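Peer 1: Can you look at this prediction? I've put the sequence above it.
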Amino acid sequence: MATILIVDDKKSFRFLLETHLASGGHATRSAACGEEALHLLKGETIDLVLSDLIMPGMDGIALLREVQRWAPHMPFLVLTAHGSIETAVAAMKEGAADYLLKPVHRDSLLLTVAKNLENARLRQRCSQMEDLFNQQYSFEHITSLVPAMGAVLNGARQVAGFPRTTVTLYGESGTGKEVLARAIHVASGCEPATFVPVNCAAIPEPFLESVLFGHVKGAFTGADSAREGKCRLALGGTLFLDEIGDMPLSLQAKLLRVLEERVFESVGSDTAQIADFRIIVATHRDLLELTDQGLFRTDLYYRLNVFPLTLPPLRERKEDIPCLVDQLLASLPVDRHAPGLQLTADALDTLIHHHWPGNVRELCNCLEYAVIISKGGPIRPEHLLLGRPGAVPTTVADDVVRLRFDFPRDTFSFDAVQERLLAWALEQSGGNKSAAARLLKASRKLFY
């Protein structure tokens, strides 16, 4: 149910609209003039305004301008007679959401109101999603205590102010290259929807050109309809080409043209389209080495390498692990089931001493696994899945128990091994101390 403000100088017409809207389940407020309507708007919660255009004093257009100044997202519908459609069009140009012709029919009124309320709801939700996107991918959420990473972030912030400068991100898989690319996109002031990622290694070579540039109907066998490419979707924003080192040589020449001439063409079309977007590329490979091997065009390498940034691996920025852990735990979808979830000092120490071949992505996966396994309690070393899946102790058969415990050298001791074994037995027994003691053929007192 919505609350709708009716503004009309004729009392009988206001009563008619109130009756129609009430039959549709809506609450109503009424005003006889624009000044009275503004007073109600500022004192009550109103979801939509339905106003006549011709009124003494402040007319509908003047009221619309005031409402837009005070509540710019408020749906504003105007009422007009058949002979005054021009004024309704003028109101639409001023920002009115829709108009209704007098005399107003009940069904038409309810349908128009419902449509505009739904549009307002969708706009509000879209705005909230954009705010969430901008907040999630802002530079404020990427911090580092390591000078090398700090230099990367400073460079990224600077290049964000130049929305057509090409950026190349180097770094091992899982270091956060796409996260940094999104942060540059957000800081450039672009719309969230215009960040368009393409993984060049994940799309088969015969289809990659069509995915990037689109195609017209009949361009090739099976092209039964036209298709917009990623380049067109990225207009006004950012085209992010991940794993650029895996792009086929046949396409590299076409990408070079996009970079040099700032135009592209759909497959099967001779019409050039303006490439009004930034290109950010990312790779875990050495592009210069690929040029020496003849696998990457030298001219494209130098055209891409306008603003290179190299993200250090996690093993070279272990000072950041405590902060990363806090951020990742707060962002995990399972965290809402375990508010205030924290790692023990031993667990954090284990994370700091791990080599992290999978970098930040591996850390995120490790924490998500630990949150689930710990069942909302403190995360201990035995909850951390590090290395191969076989690195955690598991019972593999009724008559065989295989255990593998990994410890940093400086924390290894008999007590640490015993604590890990007891924790494993409790986990296997669902927290039942008696069952855990039977599993270890030991005294229940050990668990106290």
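Peer 2: Thanks, I have the structure now.

Peer 1: quick one: Leu109 is in a helix?
Peer 2: Yes - per DSSP: H, G, I helix; E, B strand; the rest coil, Leu109 lies within a helix segment.

Peer 1: Show the pLDDT at it.
Peer 2: The model reports Leu109 with a pLDDT of 93.

Peer 1: Assess the claim that it and Leu17 are in contact.
Peer 2: Yes - the pair Leu109 / Leu17 is scored as a contact, 7.2 Å apart, by C-beta atoms under 8 Å. C-beta coordinates here come from the backbone N, C-alpha and C atoms, glycine included.

Peer 1: for the closest residue to Leu343 other than its chain neighbours, phi and psi?
Peer 2: Counting by C-beta to C-beta, 6 or more residues apart in numbering, Leu343 lies nearest to Ile379, which is 4.5 Å off, once chain neighbours are set aside. Dihedral angles of Ile379 (phi, psi; degrees, to the nearest 10) stand at phi -80, psi 120.

Peer 1: To what extent is Ile379 buried, counted in neighbours?
Peer 2: 27 (other C-beta atoms under 10 Å).

Peer 1: Correct me if wrong: it contacts Leu341.
Peer 2: Yes - applying C-beta under 8 Å as the test, Ile379 and Leu341 come out as touching, 6.9 Å apart.

Peer 1: anything in contact with each of those two?
Peer 2: Val371 (C-beta atoms under 8 Å, 6 or more residues apart in numbering).

Peer 1: tell me the contacts of Glu172?
Peer 2: Residues near Glu172 by C-beta under 8 Å, 6+ apart: His284, Leu311, Pro313, Asn359.

Peer 1: Which of the residues you listed sits closest to Thr166?
Peer 2: Closest approach to Thr166 among the contacts of Glu172 (C-beta to C-beta): Leu311, at 17.1 Å.

Peer 1: mind listing what the closest one touches?
Peer 2: By C-beta under 8 Å, 6+ apart, the neighbours of Leu311 are Met149, Val152, Leu169, Tyr170, Gly171, Glu172, Thr175, Gly176, Lys177, Leu180.

Peer 1: 10 Å instead?
Peer 2: Shown in contact with Leu311 (C-beta atoms under 10 Å, 6 or more residues apart in numbering): 148-149, 152-153, 156, 169-172, 174-177, 179-180, 282, 284, 317, 359-360.

Peer 1: so where's the chain shaky on pLDDT?
Peer 2: Counting by pLDDT under 70, the chain contains low-confidence residues at 82-83, 130-135, 333-340, 387-405, 430-431.

Peer 1: circling back: dump the contacts of Glu172 to a markdown table, plus secondary structure and distance to Phe412.
Peer 2: Putting these into a markdown table (DSSP: H, G, I helix; E, B strand; the rest coil; distance: C-beta to C-beta, whole Å) gives the following:
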| residue | secondary structure | distance to Phe412 |
| --- | --- | --- |
| His284 | coil | 33 |
| Leu311 | coil | 32 |
| Pro313 | coil | 25 |
| Asn359 | helix | 25 |
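
Peer 1: and Val263, bridged to which residues?
Peer 2: Val263 has these beta-bridge partners by DSSP bridges: Ile274.

Peer 1: re earlier: between Leu109 and Leu17, what contacts are shared?
Peer 2: Joint contacts of Leu109 and Leu17 (C-beta under 10 Å, 6+ apart) are Leu50, Leu79, Leu100.

Peer 1: surely the second one meets Lys102?
Peer 2: Yes - Leu79 is within contact range of Lys102, at 6.0 Å (criterion: C-beta atoms under 10 Å).

Peer 1: more crowded one of these two?
Peer 2: Taking other C-beta under 10 Å, Leu79 and Lys102 do not tie; Leu79 has more neighbours (25 against 12).

Peer 1: ok but that one is inside a strand, no?
Peer 2: Yes - checked against three-state DSSP, Leu79 lies within a strand.
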